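Participant: give me a 3D structure for the following:
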Amino acid sequence: LLSLHRQPTHFVTLTYPNDYPSPKEAKDHLHHFAVLLVQSFPKCWFFWKIEPQKRGAPHFHLVGDFGEDWPIFKLRAWVAATWFRVVGSGDIRHLKAGTSVDPVTTHRRLVSYLVKYVSKPQGHHDWEDPGRFWGKINSANIPSVSGVLIHLARGEVIAFKRLIRRWLKARAPRYSKVFSSLLSATVYIPVDVVERMLRWITQEPITLELGGYT
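Facilitator: Okay, here's the model as predicted:
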């Protein structure tokens, strides 16, 4: 998600009222919702993750893009009404509070959301054979993963690694210690920060022309 050429624009949460189905039935609901979503927003794309609440009820987290420039209140109304209709609970409280739609305002918020919700351990002690825990909606529209290959001399690689460690130390000290001992590692850093690092190391006007993180 962080490597996509275009970053997600919205977070969506779909929950159930007091009465809730099995994970398998819930994914049938999600499939029906996804069909209606693509019909109303043909340019949309989303990743979804199913997760158990403490009470055992399944609920879904979606991260993606509606592909339409709708006001947030209209998106919230559409998602609430559509999910309510798909679930068929008849509980008006579920219509009012069964869903949420929020914009992705910053990269930091996107990272925090992914760490908090999408990266949680999978499974629940009451769930039997829940199947897949994640998937994609309208995958043909998902932006491609962008990459740029840059060759650095050995000394430049060492300098680059030191700069990355300093960047990590200011944000996650324990990871910076681990990073220094690794032969290889993957670190997601905002593109503009990487550009500044590379320009300082190579003394060349490097522009990566990528979105989000690299």
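
Participant: does the residue lying farthest from the centre of the chain sit in a helix or strand, and which one?
Facilitator: What lies farthest from the middle of the chain is Gly155; by Cα atoms, centre = their mean that is 35.4 Å. Assigned by DSSP states H and E, Gly155 belongs to helix 154-171.

Participant: and that helix, what does it pack onto?
Facilitator: Packing partners of helix 154-171 (3 or more Cβ pairs under 8 Å, 6 or more residues apart in numbering; DSSP states H and E): helix 173-180, helix 191-202. (Each C-beta comes from the backbone N, C-alpha and C, glycine too.)

Participant: worst mean pLDDT among those?
Facilitator: Among the helices and strands packed on helix 154-171, helix 173-180 has the lowest mean pLDDT, at a mean of 76.

Participant: report all helices and strands that it contacts.
Facilitator: By 3+ Cβ pairs under 8 Å, 6+ apart, helix 173-180 packs against helix 154-171.

Participant: list the buried residues in the helix it packs on.
Facilitator: By neighbour count on 16 or more other Cβ atoms under 10 Å, the buried set for helix 154-171 is Ala159, Phe160, Leu163, Ile164, Arg165, Trp167, Leu168.

Participant: and of those residues, the nearest to His94?
Facilitator: Nearest to His94 among the buried residues of helix 154-171: Leu168, at 43.1 Å, using Cβ to Cβ.
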